[in-house]
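K.L.:
Sequence first, then the predicted structure, then my questions.
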Amino acid sequence: MLKNKIKLCGEEAHGKGNSYKDYRERATLRKFLKTSKPFQDFWNAYFGTPKNTILMDNPLGKYRVDLGIVEYDPEPTSWKQECKVHGLIEVDVFNEWKSDFPYPKFHVLERKLKYFQGTDHKYITCSFSSNRKLMVCTTRENIERCIEKYGVIDWWMPKIKEYDRVVRLPLDVNIFWFGIK
């Protein structure tokens, strides 16, 4: 039942039959990366500037994490090469976010933790406002700190009228806000 409700919310954001196609959010992240100096500074401070990397969709495979900073060989010796992952990025849109952030906490879904747990990958998760002009994000380190401090809890999601498992993160200095015109 929860899976169906999540699918319906995804369809509200992306259109019927496209519940998991977050191409607009991926494009929006790229736009922030090109046009927002504060986000560029945050990105460089967090991920660094590893050589020979690209921002790749689905670096861990289809239906997994959205984007990754991966190393590529400009002169590959074979047609298939393994990609070294330098960082992972999850994106989503929060349809209820019109102007001010509507809640006193930022949530990270438990089912997204598997993308970085058990790895040493840098990781950020980014949520966009409905018009995709505002972004809030946080890092793996903050998520892990909040798991340790607050745990993973069942949280009532009014939009879907169902509980989901989340990590709640306070809106403190470990939550980063960006905007574009």
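P.N.:
Yep, it's here. A quick note: this is a predicted structure, and the numbers were derived from the prediction, not measured.

K.L.:
can you confirm residue 30 is in a strand?
P.N.:
No: per DSSP: H, G, I helix; E, B strand; the rest coil, residue 30 lies outside any strand segment and is helix.

K.L.:
Just the mean pLDDT for stretch 168-181, thanks.
P.N.:
Model confidence over stretch 168-181 averages 95 on the pLDDT scale.

K.L.:
Determine how far the last residue of it lies from the first.
P.N.:
The separation between the terminal residues of stretch 168-181, taken as CA to CA, to the nearest Å, is 29 Å.

K.L.:
List the buried residues in it.
P.N.:
Across stretch 168-181, burial judged by 16 or more other CB atoms under 10 Å covers 168-169, 175-176, 178. To be clear about C-beta, it is placed using only N, CA and C from the backbone, and glycine gets the same treatment.

K.L.:
I'd like those written out as TSV, with secondary structure and distance to residue 111 added.
P.N.:
What follows is the buried residues of stretch 168-181, written out as TSV (DSSP: H, G, I helix; E, B strand; the rest coil; distance: CB to CB, whole Å):
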residue	secondary structure	distance to residue 111
168	strand	15
169	strand	16
175	coil	20
176	strand	23
178	strand	25
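
K.L.:
What is the nearest of those residues to residue 136?
P.N.:
Residue 136 has its nearest neighbour among those in residue 175, at 6.1 Å by CB to CB.

K.L.:
gap between that closest one and residue 134?
P.N.:
Here the criterion is CB to CB, to the nearest Å. By it, residue 175 lies 13 Å from residue 134.

K.L.:
Check residue 173 too.
P.N.:
18 Å.
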